[in-house]
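>>> pasting the sequence and the predicted coordinates here, then a few questions.
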Amino acid sequence: MKIKYIIMLFAILLMVPIAMSAQDSIPATDSIAAVAEPVQAVVAETEPVEEVATLDSGNTAWILTATILVLLMTIPGLAFFYGGLVRRKNVLSIMMQCLVLTGVITIVWVAFGYSMVFGTSFMESGHPLAFIMGGFDKVFLYGITLDTLTAGNIPELLFAMFQCMFAVITPALIIGAFAERIKFSGFLLFSVLWAILVYNPMAHWVWGGGWMAQMGAIDFAGGTVVHINAGVSALVMALLLGRRKGYRTTGHPITPHNVPFVVLGTAMLWLGWFGFNAGSGLAADGLAANALLVTHLATAVAAVVWMTLEWFINKKPTVVGFCTGAVAGLVAITPAAGSVDVLGSLVIGLASGVICFIMVAYVKTKLKYDDALDAFGVHGVGGFVGAILTGVFATQFITGTEGAQGALYGDVHQLWVQLVCNVAAIAYSAVMTFILFKIVDKIVGLRVTKEEEAIGLDITQHGEMAYSEDE
């Protein structure tokens, strides 16, 4: 019966925007007459008409490639990275969660998510809901044709799909906090609601012309929208769900079952992140080249720093440690990739490697919360480090003479904007995640039973085994 309610709720969520978008479409016939006379007047003018934008094939080819790269970050990248870190009895549950989010969030995004973030009807009309969403004028990509272009003179259809991949991976990152102990039905319902009520408003505020964008916040590729958002929610979920059965009271980590999977996942994430960051300028140009450079450099620095700290403190450099450090660097450089140079990249890589290591190796152990795969320690903390340091190291050498610059170059206000917006993001994510947790837990429940957890989620939630009994 509870599964039936989830399906019914999902169907209702898909249908509501269709009805609302009809209201946005009603004035269309009247508008033809309204613009007829101005159009005729323009034709009558003798002054030259502004040249119509044409598709940029180079930019389009690059963003097509970048979109594919970002998809690879979730499947198979994150699926293997997280899957290798859990015990063998739970690896399929991780992979299934990544797979199902790729499917379901894509449907929600095309249905109305894109319109919530990048629509304009609410903002243009002064609708009260304009604070949290753009409108429902683009539900099911209504009005977007093959010839509709957006920034960079790329098809808006392509831009919608590029952004879809961000919407897919963000709730998938939270999986790392509640791994090995969440019901599949509760996970799915929570993730859909979270994408609609937490991710979409945050993306609208930063990328869709919302209040954070109007303040001048810099988030080139998702430090705030993706990583802080998901990381803070991950911490709330970990605290509310409680520790895993078998997770020692000292906070000792559970040994990964397949380190080669972790390496494979890290490699796919590292590769895909070039599309994530270098694609966010929506052009194949010097900014994309710089974004790729600083992304790779910060990642390398953070990985080596993490390995060095492990080597010095624990006397052995580990593969998992190097991989975790790499992801921390990738996360931290994300908001800054379009505004910092080599100096900023080096400092961000160094800072993220050190701070995230401390959070994972010491703070989590001390406080004994079970952020199973360090979604908060790496994504939440790393995203915040990167977002704040963006306000320090942003330079007009990259952003241009009229672009933003950080406190290091004389603009302390930019640092203040970064701090205010990201603290607001933390508060919103935490409160909304708490509310959604309580609602979903009441409707379908979120935590599996102790018996199901002991057996493993692969069997109890999906009826499958990753490895045969004779292995």
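Arrived safely. Just so we're clear, the structure is a prediction, and the values are computed from it rather than from any experiment.

>>> next, residue 182: phi, psi?
phi -110, psi 140 (degrees, to the nearest 10).

>>> for the residue nearest to it when sequence neighbours are not counted, list the residues it contacts.
Among residues not flanking residue 182 along the chain, residue 446 sits closest, at 5.9 Å (Cβ to Cβ, 6 or more residues apart in numbering). (Glycine included, C-beta is placed from N, CA and C.) Neighbouring residues of residue 446 by Cβ atoms under 8 Å, 6 or more residues apart in numbering: 178, 182-183, 186-187, 190, 241, 437, 440.

>>> now tell me which helix or strand of the chain has the poorest mean pLDDT.
Among the helical and strand segments of the chain, the one scoring lowest on mean pLDDT, DSSP states H and E is helix 28-44, with a mean of 39.

>>> returning to what we had before: find me the pLDDT at the residue nearest to residue 182, would you?
On pLDDT, residue 446 comes in at 96.

>>> next: residue 25.
We have a pLDDT of 40 for residue 25.

>>> residue 240 belongs to a helix, doesn't it?
Yes. Under DSSP: H, G, I helix; E, B strand; the rest coil, residue 240 sits within a helix.

>>> quick one: residues in contact with the helix or strand following the least confident helix or strand of the chain.
On the C-terminal side of helix 28-44, the closest following helix or strand by DSSP states H and E is helix 57-72. Outside helix 57-72, the residues within contact range by Cβ under 8 Å, 6+ apart are 102, 152-155, 158-159, 161-162, 165-166, 168-169, 268, 271-276, 278-279, 282-284, 288.

>>> where's residue 175 relative to residue 225, distance?
18 Å (Cβ to Cβ, to the nearest Å).

>>> one more: residue 330?
From residue 330 across to residue 225, the span is 15 Å (Cβ to Cβ).

>>> looking at the two, which is more packed in?
Taking other Cβ atoms under 10 Å, residue 330 and residue 225 do not tie; residue 330 has more neighbours (32 against 27).

>>> thinking the more buried one is in contact with residue 270, fair?
Yes. Counting by Cβ atoms under 8 Å, residue 330 touches residue 270, with 6.7 Å between them.

>>> restricted to helices, list the contacts of residue 446.
Cross-referencing these against helices under DSSP state H gives 178, 186-187, 190, 241, 437, 440.

>>> most neighbours among those residues, which one?
Counting by other Cβ under 10 Å, top hit in the ones in helices among the contacts of residue 446: residue 178 with 28 neighbours.

>>> thought that one was touching residue 372?
Yes. Proximity of residue 178 to residue 372 meets the contact threshold set by Cβ under 8 Å, at 6.9 Å.

>>> quick check: neighbours shared by these two?
With Cβ under 8 Å, 6+ apart, residue 178 and residue 372 have common neighbours residue 238.

>>> where does pLDDT dip in this protein?
Residues of the chain that meet the criterion pLDDT under 70 lie in 1-51, 248-252, 470-471.

>>> follow-up on the earlier one: in helices only, show me the contacts of helix 57-72.
Mapping those onto helices (DSSP H) picks out 102, 158-159, 161-162, 165-166, 168-169, 268, 271-276, 278, 288.

>>> list the contacts of residue 179.
Residue 179 touches 82, 85-86, 90, 93-94, 372-373, counting by Cβ under 8 Å, 6+ apart.

>>> same check on residue 287?
Per Cβ under 8 Å, 6+ apart, neighbours of residue 287: 281, 338, 398.

>>> run the last query once more with 10 Å
Residues near residue 287 by Cβ atoms under 10 Å, 6 or more residues apart in numbering: 220, 278, 280-281, 337-339, 398-400.

>>> repeat for residue 299
By Cβ under 10 Å, 6+ apart, the contact list for residue 299 reads 266, 269-270, 273, 325-333, 345, 349, 352-353.

>>> please, which helix or strand holds it?
Residue 299 belongs to helix 286-314, assigned by DSSP H and E.

>>> distance from the chain centre to that helix, please.
20 Å (Cα atoms, centre = their mean, to the nearest Å).

>>> after it, which helix or strand is next?
Counting by DSSP H and E, what follows helix 286-314 is helix 319-333.

>>> relative to helix 286-314, how tilted is that next one?
Angle of helix 319-333 versus helix 286-314, following axes from the mean of the first three to the mean of the last three Cα atoms, to 10 degrees, is 140 degrees.

>>> same question for helix 319-333: list its buried residues.
The neighbour-count check on helix 319-333 (16 or more other Cβ atoms under 10 Å) flags 320-333 as buried.

>>> and of the residues you listed, the nearest to residue 310?
Using Cβ to Cβ, residue 321 is the member of those that sits closest to residue 310, with 4.4 Å.

>>> excluding sequence neighbours, find me the nearest residue to the closest one.
Sequence neighbours aside, residue 310 is the residue nearest to residue 321 in space, at 4.4 Å (criterion: Cβ to Cβ, 6+ apart).
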